[in-house]
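Chemist: kindly return the folded structure for what I paste below:
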Amino acid sequence: MPNPQIQFPANFTTASAIAYTNADGSVQLVSADNPVPVTVTGGSIGSGGGSGLTDTQLRAAPVPVSLSSFAGVTDLQLRAAPVPVSVSATAGLTDTQLRAAPVAVSLSGFGGLTDVQLRAAPLPVSVSSTAGLTDTQLRATAVSSAPDSVVDAVRTNGTATSAAVLVSTVTTGFNGGSFHVTNAGTTCTITYEQSNDNVNWVALPVISLGAANATPALTTTVAGIYGYATAAAFVRARVSTYTSGTVAVTLAQKRQAPPVVGVSLAGGSSALGSVSITGAISGNTNSGTGYTDSTTALAASATFTGTGRSTASQYAYFHAIAYADQSGTLFVEQSLDSGATYQPILTQAVAAATPAQVALRVTGAYGAATLYRVRYVNGAAAQTTFRLSSAFTR
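Modeler: Alright, predicted model coming up:
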């Protein structure tokens, strides 16, 4: 485009302007905030089709780069700008280069890409083929078809014919799992461990999933499936004592692990410890003591007074039931002085030929001095039928 019109020759300053055409046909002026876009197609930065492209040029603008090989690309060039990179092969790509910038990588194959490189940066990875992709690489970054990018029931196999590690893996996305010992060898011991730094290991309790009343263990010597739950970053199983044979283990990691670490009391002799109960208890601990207070019919306006019952056995409730063919009144009375005096603490009207039942919580100091009893006052007509009973319950 033409240079700006010069209106004041005395103040003339040489100037020029550059513009380029956008994809929609509009004209875009070049400025410090809008530099010329650069696209490299073929070869690589620093060699082949990208020969001569310096890191200063890369800094001039965010450069979408399409590469068929990373040969010759330095981490300095990757640092020059946040570079979206489309890769058809990863041969020659180092973890230092991956760290140089947050690199969104689209891969058609994992040839030459190690799990160390995958860990080098948080990489959103789009994979069209997983041929040659190991479970270690899958764990190195979130790559799966699951909604949250964690595959359930990931399995890792291991064998040993010496005192050595059988399986060792990260636990990202998993709450626990199980070690399936398919071959325990001959007089061999497997030790289970957990760690947060993959260097310093502590014991990992496991529990047999094939026993009704198993207790947690830190080692096993026989074949079986042993469940675990952990919040550590790594778990492993190793042969700590080896005699002979091939020891084989399959580790299955589960997104939702059952609470397997604990003590089962079902059908076994496992104990919770000593339980101390004060007071005299015989038979079932939920038992009570019942009494038949009277079955003798009362005359008109007569009164029956029951026996005072001690609370020394530490019962929780006192109950009473009355039935008569004539109306009357049922009382529950309490003594706090070993029966010297009683006070009514509950009163219940009893209709003719209608049962009445009462219950109240036992109060007062447990012992021989605190007594409960029933008392019944008949109405104006003589009874021909009368039933009165009471009971203590816990």
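Chemist: can I see the domain layout of the chain?
Modeler: The chain breaks down by automatic domain parsing into domains covering 16-140, 154-254, 289-393.
Chemist: weakest of those by average pLDDT?
Modeler: Lowest mean pLDDT within these: domain 16-140, a mean of 53.
Chemist: from residue 209, how far off is residue 226?
Modeler: To residue 209, residue 226 is 7 Å away according to CB to CB, to the nearest Å. In short, each C-beta sits where N, CA and C put it, glycine included.
Chemist: more neighbours: those two, which one.
Modeler: residue 226 (25 against 15; other CB atoms under 10 Å).
Chemist: list of residues touching the helix or strand in which the more buried one is found?
Modeler: Per DSSP states H and E, residue 226 falls inside strand 224-229. Contacting residues not belonging to strand 224-229 are listed as 175-181, 192, 204-210, 217, 220, 235, 257-261 [CB atoms under 8 Å, 6 or more residues apart in numbering].
Chemist: what's the first helix or strand after it?
Modeler: Next along from strand 224-229, by DSSP H and E: strand 234-241.
Chemist: what is the burial count for residue 202?
Modeler: Residues near residue 202, counting by other CB under 10 Å: 10.
Chemist: count of neighbours near residue 164?
Modeler: Residue 164 has 13 nearby residues by other CB under 10 Å.
Chemist: can you check residue 157 too?
Modeler: Neighbours of residue 157 (other CB under 10 Å): 13.
Chemist: just residue 373 next, same as before
Modeler: 21.
Chemist: picking that back up, export the strand holding residue 226 as CSV, just CAs?
Modeler: The C-alpha coordinates for strand 224-229 follow below in CSV (Å, rounded to 0.1, in the frame of the first residue of the first chain):
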residue,chain,number,x,y,z
GLY,A,224,-5.8,-66.2,46.8
ILE,A,225,-7.3,-62.8,46.2
TYR,A,226,-6.3,-60.1,48.7
GLY,A,227,-8.2,-56.8,48.7
TYR,A,228,-6.8,-53.4,49.9
ALA,A,229,-7.8,-49.8,50.1
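Chemist: quick one: that strand to strand 234-241, angle?
Modeler: 140 degrees (axes from the mean of the first three to the mean of the last three CA atoms, to 10 degrees).
Chemist: and strand 224-229, which strands flank it?
Modeler: strand 176-186 (antiparallel), strand 207-208 (antiparallel) (DSSP bridges).
Chemist: would you list every one of the helices in the stretch 101-250 of the chain?
Modeler: With DSSP state H, counting those that start in this stretch, the ranges of helices along the stretch 101-250 of the chain come out as 115-120, 135-140.
Chemist: neighbouring contacts of stretch 155-165?
Modeler: Contacts of stretch 155-165 (CB under 8 Å, 6+ apart): 135, 166-167, 169, 183, 236-242, 245-253.
Chemist: selecting buried members of these in ChimeraX, what would you type?
Modeler: Under the burial definition 16 or more other CB atoms under 10 Å, those of the contacts of stretch 155-165 that qualify are selected in ChimeraX by:
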select :166,167,169,236,237,238,239,242,247,248,249,250,251,252,253
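Chemist: strands of the stretch 251-394 of the chain, start to end?
Modeler: 289-294, 303-305, 309-310, 317-324, 328-335, 343-350, 356-361, 371-378, 386-393 (DSSP state E, counting those that start in this stretch).
Chemist: out of those, nearest to residue 27?
Modeler: Nearest to residue 27, of all those, is strand 356-361, at 92.9 Å by CB to CB.
Chemist: got the angle between the closest one and strand 386-393?
Modeler: 20 degrees.
Chemist: now strand 356-361 against strand 328-335, angle please.
Modeler: Using the same axes, to 10 degrees: strand 356-361 against strand 328-335 is 20 degrees.
Chemist: strand 356-361 pairs with which strands, parallel or anti?
Modeler: strand 317-324 (antiparallel).
Chemist: only the buried residues of the partner strand, if you could.
Modeler: For strand 317-324, by 16+ other CB under 10 Å, it's 318-324.
Chemist: turn those into CSV, columns for distance to residue 338.
Modeler: Formatted as CSV, the buried residues of strand 317-324 follow (distance: CB to CB, whole Å):
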residue, distance to residue 338
318, 17
319, 23
320, 21
321, 26
322, 26
323, 31
324, 31
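Chemist: and which of these is nearest to residue 350?
Modeler: residue 322 (5.1 Å).
Chemist: so what's that closest one up against?
Modeler: Neighbours of residue 322 in contact, by CB under 8 Å, 6+ apart: 328, 330, 348, 350, 355-356, 374, 376, 387-388.
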